[in-house]
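following is a predicted model, sequence given first.
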2 protein chains.
Amino acid sequence: VVDHLHSRRPAILDGFFSFLRLPSISTDPSYRADIRRCANWLVAEMARIGFDNCRTIETDGHPVVYGDWLHAGPNRPTVLVYAHYDVQPVDPLELWETPPFDPTLRDGRLYARGVADDKAGVWGNLMVLESIFAVDGQLPVNVKLIFEGEEESGSPNMAPFVAAHRDLLAADVVYLCDGPFSAERPTMAYALRGIVGARVTVSGPDHDLHSGAFGGAVENPIHVVSEIIASFHDQAGRVTIPGFQDRVRALDKEELDQMAAQWVAAAPEWHQASGTKHTWGDSVASIPERVTALPTLDVNGIWGGYQGPGLKTIIPARAGFAATMRLVADQDPREIADLFRAHVLSFASPTAAVDVTIVATGWPATVDRNDPAIEAAQQGLEAVLGKRAQLIRGGGSVPIAGMFQHELGAPLVPAGIGPGDNVHAPNEYLELEPFFQALDVVAHFYYNLAAAGA
Amino acid sequence: VVDHLHSRRPAILDGFFSFLRLPSISTDPSYRADIRRCANWLVAEMARIGFDNCRTIETDGHPVVYGDWLHAGPNRPTVLVYAHYDVQPVDPLELWETPPFDPTLRDGRLYARGVADDKAGVWGNLMVLESIFAVDGQLPVNVKLIFEGEEESGSPNMAPFVAAHRDLLAADVVYLCDGPFSAERPTMAYALRGIVGARVTVSGPDHDLHSGAFGGAVENPIHVVSEIIASFHDQAGRVTIPGFQDRVRALDKEELDQMAAQWVAAAPEWHQASGTKHTWGDSVASIPERVTALPTLDVNGIWGGYQGPGLKTIIPARAGFAATMRLVADQDPREIADLFRAHVLSFASPTAAVDVTIVATGWPATVDRNDPAIEAAQQGLEAVLGKRAQLIRGGGSVPIAGMFQHELGAPLVPAGIGPGDNVHAPNEYLELEPFFQALDVVAHFYYNLAAAGA
């Protein structure tokens, strides 16, 4: 199969060029027809390659593309392959050296919008699976393909879609193919944090008041907002919202040791990027634990009253803030949202109305590092690159990961195949040589999954 | 003298019209020459009326106008009369029914920019003193006139001016003639609060950070700002900055009783204007005490991080707030500024730099309600209107009042003679009949001061 993939490189690029010419920008309504044209083009390609049930599935936004091949037999695992076919906007257009939807090869790089994020994930899997079909006449595992059309718009319809299609998407392994790939230093995230985002408004008097005439007798909403925020952490830096820490899963010694060992290499870059010489919360846990394995709460923005230069002597009618919490297993974002809301609302009083709006929730996702699916991916890397990926916890949140894990209960393999850069900027590109290496890894991965029996 | 004033009403208006035609807008640099023309016009008028030493005195901004008449003898008190000859800007010009510098009589009202605030104070005193000269050939008290040209620009040069001219301005009574006048319900403030205004910035990392990658390990400046603000008050609503309350002068029972009695009539309007059904800090003291006789601290504005809709998951590099404190006797604004600064800076740490900038300071001003100067004004009202003024504490701050009291140590009589409305808005007007009554009161006031011997 690997030989077949190598021999087909020109054909792989040919089809990729056609795919890349379809301007599937999901955030801009004027590309609505282009998105659908792109989805239909994929449906045709998947059918040509040999998938069944190929179709677009409607959502409240852009369609999801689906296809499957489920003839590997019941003793072979079923893999759900996720990638997304929509792309970021292209502005500022004048900074592109070549047009974003006119794919161009330069110095071993392929330039085009979406080439790395994430058309590489969509096309790469289709090409690997086409080669397997060509060589074996069948696939070693059952495969369900799902390509999203709204990832770059924040996946507003993905949670209801996954919940509504739990049977259709049921799988033994979820392969999340979105993100970069490094042949030099491969990494794989076995844990991603969940998220709860909230906006809070405190309302006092029904209009701004003169602080010289009402100060001391009308409560100031900025003071209340400050009391709320000051109550979120203890002096050490732990989040103190009642119940917030109850479901946090402790790390075992082996994982802590591995984390500490990895940190030795990662620390200089992290400290460099942190913009400060002095860390905070050091008595709580090590830095890598705090930024990946423990939950956090940060206020991301605050507002209220007069923000211009000088002074304006008012008590403002309103003040507010936006905050995000990062969650770890086994925290439930719905429960954390409720705990946050209850805690913040406990500051409400006759003199200060408090409103809490939850604007985002996402489940944390955590896979056993020894899961056979992870091992299948590791052995694929080893076969092609002669090295295994460093297994890491990610501090950020990939809502789709938690969503799949929560709804489908299957282990995740988050492993992108988009080596390149400028993924949300002008002149996005894909490094071709490591991309082709990644395809070889993916081919091994599918066979390894079959061997593991998952 | 009162008869003389009445007979001269047409002449008083004639001169007033000339004064009002001079567009003495102090904030707009393009009126710089007009301001000076206005100052020179006043110097000429004062000299014509009979004052000595009439001249403009330079400041770093617009000139102060000065003149005196000090021939009443050493056993007569010296009165420093303060008013200001500059006016507010006029925009939006299109909302004026008649041009702002083309004074117009309509329905017993005189319309013009500055007619009530505060050219009435300047011109009214000159006219009263001119009549006294005409009738008696001399004044009953020694008089120093000082007319400011930057009151509507926040008096940026007044504090250094007063400090530098302490001897020139030395007086037994300071008569602050700026503000409204009511013949129906006259009031006089015997206390005004001081002010300290400050801006605070908390700086953390040198750029905004991704909260998913650095939260929990880099301190969030918004959290620090909130802790600072939350520390300003206790649960009851008292300001808890160490030392802040030390010099607060307790009210005697008589004053508390008077305040409570006055509040019965004032309360409905205050509650109506407060924009809320529920007051705050009620266990500290009564509402009128809290808003006039006790010091307060209010945060007037707060900012930091992302203030748009939705979420942006950052730890901001910076956050800040602006706050004002209202001071009462015997609080010293320099000391309070130091206490505030020291308290806020106590939150600085290696992970959070804190910067405090004091942007405003003003002394509180308090006069004994039984001071002979107050009584002289009261008897003037009684003679003309048949009623005395309600003596009140003002919750706001008139920096010039505290400045004069602090530098000159003389009792203040804050009593405006500008009955009217729209003083900082289009169509500013002066009610002529109560204005002329106010001139009669002022005439009595000067004679009463002489009789009291101050």
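Sure, I can see it.

CA only for contacts and neighbour counts going forward, please
Fine.

got the residues of the stretch 101-250 of chain A near chain B?
With C-alpha under 8 Å from any C-alpha of the partner chain as the criterion, the stretch 101-250 of chain A meets chain B at residues A:197, A:204-207, A:209, A:211-220, A:222-227, A:229-230, A:237.

can you map out the strands along the stretch 1-150 of chain A?
A:52-57, A:64-69, A:78-84, A:104-106, A:109-111, A:142-148 (DSSP state E, counting those that start in this stretch).

about what we covered before: now, of the residues of the stretch 101-250 of chain A next to chain B, which are buried?
Among these, the ones that count as buried by 16 or more other C-alpha atoms under 10 Å in any protein chain shown are A:197, A:204-205, A:207, A:209, A:211-220, A:222-227, A:229-230, A:237.

which stretches of chain A have low pLDDT?
A:453-454 (pLDDT under 70).

surely residue A:109 and residue A:431 touch.
Yes: counting by C-alpha atoms under 8 Å, residue A:431 is a contact partner of residue A:109 at 4.7 Å.

so for the two, which residue has more residues nearby?
A side-by-side neighbour count of residue A:109 and residue A:431, using other C-alpha atoms under 10 Å in any protein chain shown, places residue A:431 first with 22 against 16.

what about the helices in chain A?
A:2-7, A:9-20, A:32-49, A:119-136, A:158-164, A:166-169, A:211-214, A:221-230, A:253-273, A:287-288, A:333-345, A:372-385, A:399-408, A:432-452 (DSSP state H).

quick one, what contacts residue A:83?
A:118, A:119, A:121, A:122, A:146, A:147, A:148, A:176, A:177, A:178 (C-alpha atoms under 8 Å, 6 or more residues apart in numbering or on different chains).

once you drop chain neighbours, what's closest to the residue in the stretch 1-150 of chain A that chain B sits nearest to?
Using C-alpha to the nearest C-alpha, residue A:27 is the residue of the stretch 1-150 of chain A that sits closest to chain B, at 15.5 Å. Nearest residue to residue A:27 in three dimensions, chain neighbours excluded: residue A:153, at 5.4 Å (C-alpha to C-alpha, 6 or more residues apart in numbering or on different chains).

and if you look at residue A:344?
That would be residue A:228: by C-alpha to C-alpha, 6+ apart, it lies 6.4 Å from residue A:344.

and the residue nearest the centre of chain A?
The centre of chain A sits closest to residue A:398, judged by C-alpha atoms, centre = their mean, with a distance of 2.5 Å.

number of nearby residues for the closest residue to that residue other than its chain neighbours?
Spatial nearest neighbour of residue A:398, chain neighbours left out: residue A:192 (6.7 Å); criterion: C-alpha to C-alpha, 6+ apart. When neighbours are defined as other C-alpha under 10 Å, residue A:192 has 28 of them.

next one: residue A:246
What residue A:246 shows, counting by other C-alpha under 10 Å, is a neighbour count of 9.

what distance do you get for it to residue A:282?
21 Å (C-alpha to C-alpha, to the nearest Å).

right, and residue A:249 touches residue A:332 too?
No: contact criterion C-alpha under 8 Å: residue A:249 and residue A:332 do not qualify, at 12.0 Å.

out of these two, which sits in the busier spot?
residue A:332 (21 against 13).

just give the number of residues close to the residue nearest to that one when sequence neighbours are not counted.
Excluding the flanking residues, the one nearest residue A:332 by C-alpha to C-alpha, 6+ apart is residue A:363, at 6.6 Å. When counting by other C-alpha under 10 Å, one arrives at 30 neighbours for residue A:363.

how about residue A:382?
Neighbour tally, residue A:382, other C-alpha under 10 Å: 15.

also residue A:308?
10.

swap in residue A:415?
Counted with other C-alpha under 10 Å, residue A:415 comes out at 24.

quick one: end-to-end length of stretch A:76-96, please.
OK, stretch A:76-96 end separation, C-alpha to C-alpha: 46 Å.

ok, stretch A:27-38 next?
15 Å.

any idea how far the residue nearest to residue A:40 when sequence neighbours are not counted is from residue B:204?
Excluding the flanking residues, the one nearest residue A:40 by C-alpha to C-alpha, 6+ apart is residue A:56, at 7.2 Å. Relative to residue B:204, residue A:56 is positioned 48 Å away (C-alpha to C-alpha).

in chain A, which residue sits furthest out from the middle?
Chain A, C-alpha atoms, centre = their mean, max distance from centroid: residue A:213 (50.8 Å).

who's in contact with that residue?
Per C-alpha under 8 Å, 6+ apart, neighbours of residue A:213: B:291, B:292, B:395, B:396.

buried residues in stretch A:332-349?
A:332, A:333, A:336, A:337, A:339, A:340, A:341, A:343, A:344, A:345, A:348.

doesn't residue A:196 make contact with the fourth one?
This means residue A:337. Yes: when contacts are counted by C-alpha under 8 Å, residue A:337 is listed as touching residue A:196 (6.4 Å).

shared neighbours of the two, which are they?
A:358, A:361.

can you pull the contacts of the residue nearest to residue A:40?
A:39, A:40, A:43, A:63, A:64, A:65, A:66.

who wins for neighbours among these?
residue A:39 (28 neighbours).

against residue B:350, how distant is that residue?
Counting by C-alpha to C-alpha, the gap from residue A:39 to residue B:350 is 53 Å.

same check, this time on residue A:293
Taking C-alpha to C-alpha, one finds residue A:293 at 25 Å from residue B:350.

so for those two, which sits in the more crowded spot?
The neighbour comparison of residue A:293 against residue B:350 (other C-alpha under 10 Å) goes to residue A:293, with 27 against 12.
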